[in-house]
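**Student:** Would you be able to build a 3D model of this:
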Amino acid sequence: MAELLKIKSEVEEFKKEYFYRNSQAEENRQREYQAANRIQSWFRASKVRAYLSHLHKKAIIIQRIWRGFTARARFRQMVKAAYFIMKMNFYEEMAVRIQKRWRGFFVRKYIHNYYARKSYLEGLSRKNELVRMELAELEELQKRERDCVEMVKEQTAKVYQAHRLHHLLSTKQCPGVFNSPFRPAPHEMELLLRQVKYQAPARLDPRGRACLMGMLGPTDHSFPGTLGSPWIKTTGTCSSKPILPPISSKKQQGLLREPGEVWEQRMLCPDLTLRLQTSYTHLEEAQNQLRHKYIRLPTGKLGTGSMLHHLSHSSNSFTQPAYAKSFR
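**Tutor:** Predicted structure coming up:
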């Protein structure tokens, strides 16, 4: 009985021990399972990560090779295009050079003769120098004429003043105003009063009075001792334009032209100009031709004004005009 109770107690302890050990074994098994599961997950993750890394590297290698291939192809295309553009630019430059040489040759040979133009310009410069010299001479001549006219006016004014003051001439009994005894020599007005003759006053028309106040002619019989200009033509009248006779008493000059107009044309000063519309040797040739043929106007005077006018304003550039047909 005691043995049975002992055995029963041992069975109960055995059951408890068995249950406890089974629970411990289950816990250990669960812990080992979880550990194994974690290890397996880590290993599988490491394996997958390594595989993905390998795939990424291989993909990078493939992309690098492809991108290099496409870039090299694109670069070769760009090089070809640049070479084509450079070649076309070179060909265009060579074509421009050829066209430039050919056009220059064609223009120099058929359109514009450089040497003829050069010689023409040299002759033009020489003619311009001659024209400038002639202009300078003409200016000097006009200046001398003006000086002579001023001198004649001054002398005429003195003579006119001497005529007006002729009553102040000194006599043996009474010395005049201009012959003071305190002077070592008589005044020049006194000498002039001695030279001129007394002229009775006469009534003059307004034109004659204005003439006396201005310049009188050097050939007037009332004023001896006046100076005349050796470079100008003067008349006996006080005006610069001579009084022409009636048309009925003289032959008509020109075709339906007034005598005054003809006179102005003859007395016109040559209009020298620096323009040159003809060849630079036409003036000398025409002068030689006129010098040999002695072409004269109807009054017998050489038409210098018309000649220079025709010579300097001819419209022909290379052929010599018939100058003899230009004069009347």
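**Student:** what ranges of the stretch 101-250 of the chain fall below the confidence cut-off?
**Tutor:** Residues of the stretch 101-250 of the chain meeting the criterion pLDDT under 70: 199-250.
**Student:** Mind jotting down where the helices sit in it?
**Tutor:** Remark: helices assigned in the stretch 101-250 of the chain by DSSP state H, counting those that start in this stretch are 114-164, 188-195, 206-213.
**Student:** Tabulate those helices (TSV), appending distance to Lys87 and mean neighbour count.
**Tutor:** C-betas here are computed from N, CA, C, even on glycine. Output for those, formatted as TSV (distance: least, CB to CB, whole Å; neighbours: other CB atoms under 10 Å):
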stretch	distance to Lys87	mean neighbour count
helix 114-164	36	13
helix 188-195	99	16
helix 206-213	92	12
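**Student:** of all the ones you listed, which lies closest to Ala36?
**Tutor:** When these are compared by CB to CB, helix 114-164 sits nearest Ala36, at 109.6 Å.
**Student:** residues in contact with Gln77?
**Tutor:** Residues counted as contacts of Gln77 (CB atoms under 8 Å, 6 or more residues apart in numbering): none.
**Student:** element containing it?
**Tutor:** helix 2-106 (DSSP states H and E).
**Student:** Just send the helices of the stretch 101-250 of the chain back as JSON lines, with distance to Lys172 too.
**Tutor:** What follows is the helices of the stretch 101-250 of the chain, written out as JSON lines (distance: least, CB to CB, whole Å):
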{"stretch": "helix 114-164", "distance to Lys172": "20"}
{"stretch": "helix 188-195", "distance to Lys172": "13"}
{"stretch": "helix 206-213", "distance to Lys172": "31"}
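**Student:** of all those helices, which lies closest to Ala286?
**Tutor:** Closest among the helices of the stretch 101-250 of the chain, using CB to CB: helix 114-164, at 12.9 Å.
**Student:** Which elements pack onto the closest one?
**Tutor:** Contacts defined by 3 or more CB pairs under 8 Å, 6 or more residues apart in numbering; DSSP states H and E place helix 114-164 against helix 188-195.
**Student:** got the angle for the helix it packs on vs helix 114-164?
**Tutor:** On the basis of axes from the mean of the first three to the mean of the last three CA atoms, to 10 degrees, helix 188-195 is oriented at 80 degrees to helix 114-164.
**Student:** Alpha carbons only: can I get helix 188-195 in CSV?
**Tutor:** Extracted C-alpha coordinates of helix 188-195, given in CSV (Å, rounded to 0.1, in the frame of the first residue of the first chain):
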residue,chain,number,x,y,z
GLU,A,188,50.7,170.0,-104.2
MET,A,189,47.2,171.5,-104.6
GLU,A,190,48.9,174.8,-105.5
LEU,A,191,50.9,173.0,-108.2
LEU,A,192,47.7,171.3,-109.5
LEU,A,193,45.9,174.7,-109.6
ARG,A,194,48.6,176.1,-111.7
GLN,A,195,48.4,173.2,-114.2
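**Student:** Identify the residues contacting that helix?
**Tutor:** 158-159, 161-162, 165-166, 168-170, 176, 178-179, 224-225.
**Student:** Tell me the one of those nearest Ile85?
**Tutor:** So of the contacts of helix 188-195, ranked by how close each gets to Ile85 (CB to CB), first place is Lys158, at 94.3 Å.
**Student:** one step back: how about the contacts of helix 188-195 in CSV, adding distance to Leu5?
**Tutor:** What follows is the contacts of helix 188-195, written out as CSV (distance: CB to CB, whole Å):
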residue, distance to Leu5
Lys158, 196
Val159, 200
Gln161, 198
Ala162, 202
Leu165, 202
His166, 207
Leu168, 205
Leu169, 210
Ser170, 210
Gly176, 208
Phe178, 203
Asn179, 207
Pro224, 206
Gly225, 203
